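Enquirer: build me a structure from this.
(one chain, ligands or ions: 1)
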Amino acid sequence: MIRTVLRTEHVTMQFGGVIAVNDLNIVVKEHEIIALIGPNGAGKTTAFNDITGVYTPTKGRVIYTKTNGQEIDITGKKPSEIAQLGIARTFQNIRLFKDLSVYENVLIAKHLHLKSNFVSATFRLPGYKKEEEAMRADVERLLKEVKLWDVRNEKASSLPYGKQRYLEIVRALATEPQLLLLDEPAAGMNPKETAELTDFIRQIRDRFKLTIFMIEHHMDLVMEISDRIYVLDFGTTIATGDPAAIQNNERVIKAYLGEDEDA
Ligand SMILES: Nc1ncnc2c1ncn2[C@@H]1O[C@H](COP(=O)(O)OP(=O)(O)OP(=O)(O)O)[C@@H](O)[C@H]1O
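Expert: Residues are numbered from 1 along each chain as shown. The predicted model follows:
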């Protein structure tokens, strides 16, 4: 049986009078690519924040299964603890160190993840050097695999927009996650960049044996790549299914048409 990597059980998030997420029950299995879609304000980012510890859900639980099969209730754990367990995420807005190089951006992500201690870093204590060399070798390998090695010395801010978005994903990969959460990875991309990103997501899923859960508005990408899709509208799950089922679902069509009419 295919292992469940993440599940939410009745996750609900209320902000004052607004129920941003209402009784969310999502199952993400090993090696799947799952998409969470829905009109603006449907509750997608709030759901991600509930899963990654930014928020503690008002109700419900988030259960994660480690690679060794151990289930852990991660509800309300700190974001850093959740990252340590093997869940990495990217954000809607790019969060790179703009003035640092591509290489440094990835190395820092790795450093932070491994919690390298600043004292030993400063004084170059025994043990530190080896650790540092191993980290640098890992970063080199990773940058070569994702074809960013040639631009390793460029400032992050000098990269074309699409490449900056890749770099965000690569920073997440540097933490060697089992589960990767992508919050609108194609935001602001043109159709060509979006098509390239579609291939890239598939490649990294296979190459790094990842499970991927993403929020995305670009329907071409979602429909081409997803094994399953969850659709939220006003916090409530209005449909679940494979891309063909979702495309033909009347409630989904109505939710999106409603958005167009309002726009
Ligand atoms: N910190 C907060 N405090 C109060 N209300 C919030 C907060 N975060 C989100 N909300 C509300 O919860 C609802 C869901 O917002 P959320 O950002 O999760 O939607 P979304 O589906 O990610 O939208 P988008 O596609 O525009 O990013 C909205 O009504 C929003 O105003």
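Enquirer: for the rest of this, base every contact and every neighbour count on C-alpha atoms.
Expert: Will do.
Enquirer: and the residue of the stretch 51-200 of the chain found nearest the ligand, how many neighbours?
Expert: Nearest to the ligand, among the residues of the stretch 51-200 of the chain, is Q92, at 7.8 Å (CA to the nearest ligand atom). Residues contacting Q92 under the criterion other CA atoms under 10 Å number 15.
Enquirer: quick one, phi psi at it?
Expert: Phi and psi for Q92, reported as degrees, to the nearest 10, are phi -60, psi -40.
Enquirer: ok, T8 next?
Expert: phi -110, psi 140.
Enquirer: contact partners of stretch 177-185?
Expert: For stretch 177-185, contacts defined as CA atoms under 8 Å, 6 or more residues apart in numbering pick out 5, 45, 48, 67, 83, 85-92, 165, 169, 172, 209-217.
Enquirer: how much space between the residue of the stretch 51-200 of the chain closest to the ligand and G69?
Expert: Distance from Q92 to G69, counting by CA to CA, to the nearest Å: 30 Å.
Enquirer: which one is the spatially most central residue of the chain nearest to, not counting chain neighbours?
Expert: The chain has L181 as the residue nearest its centroid, 1.8 Å off, counting by CA atoms, centre = their mean. Excluding the flanking residues, the one nearest L181 by CA to CA, 6 or more residues apart in numbering is R89, at 4.4 Å.
Enquirer: what ranges do the strands span in this protein?
Expert: Remark: strands assigned in the chain by DSSP state E are 4-15, 18-24, 27-29, 33-37, 59-65, 71-73, 87-89, 179-183, 211-215, 228-233, 236-241.
Enquirer: need those strands in a markdown table with distance to the ligand, can you?
Expert: Converted to a markdown table, those look like this (distance: least, CA to the nearest ligand atom, whole Å):
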| stretch | distance to the ligand |
| --- | --- |
| strand 4-15 | 5 |
| strand 18-24 | 4 |
| strand 27-29 | 18 |
| strand 33-37 | 8 |
| strand 59-65 | 15 |
| strand 71-73 | 22 |
| strand 87-89 | 14 |
| strand 179-183 | 9 |
| strand 211-215 | 8 |
| strand 228-233 | 8 |
| strand 236-241 | 11 |
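Enquirer: and this structure, which residues reach the ligand?
Expert: Counting by CA under 6 Å from any ligand atom, the chain comes close to the ligand at F15, A20, P39, N40, G41, A42, G43, K44, T45, T46.
Enquirer: among those, which are in helices?
Expert: With helices defined by DSSP state H, the entries of those inside them are K44, T45, T46.
Enquirer: from D183, how far out is the first one?
Expert: Plainly put, K44 is 9 Å away from D183 if you go by CA to CA.
Enquirer: likewise the last one?
Expert: When CA to CA is the yardstick, T46 and D183 sit 11 Å from each other.
Enquirer: quick check: domain ranges of this protein?
Expert: Using automatic domain parsing, the domain parsing of the chain gives 4-86+177-262, 101-170.
Enquirer: on that earlier part again, residues contacting the residue of the stretch 51-200 of the chain closest to the ligand?
Expert: Contacts of Q92 (CA under 8 Å, 6+ apart): D183, E184, P185, A187.
Enquirer: cutoff 6 Å now
Expert: D183, E184 (CA atoms under 6 Å, 6 or more residues apart in numbering).
Enquirer: could you measure from it over to Q164?
Expert: Separation of Q92 from Q164 (CA to CA): 12 Å.
Enquirer: returning to that earlier point: buried only: go through the residues of the chain next to the ligand for me.
Expert: By neighbour count, with 16 or more other CA atoms under 10 Å, the residues of the chain next to the ligand hold A20, P39, A42, G43, K44, T45, T46 as buried.
Enquirer: and of those residues, the nearest to S158?
Expert: Checking these against S158 by CA to CA gives T45 as the nearest, at 28.0 Å.
Enquirer: in the stretch 151-263 of the chain, what residue comes closest to the ligand?
Expert: Closest point on the stretch 151-263 of the chain to the ligand, by CA to the nearest ligand atom, is G235, at 6.8 Å.
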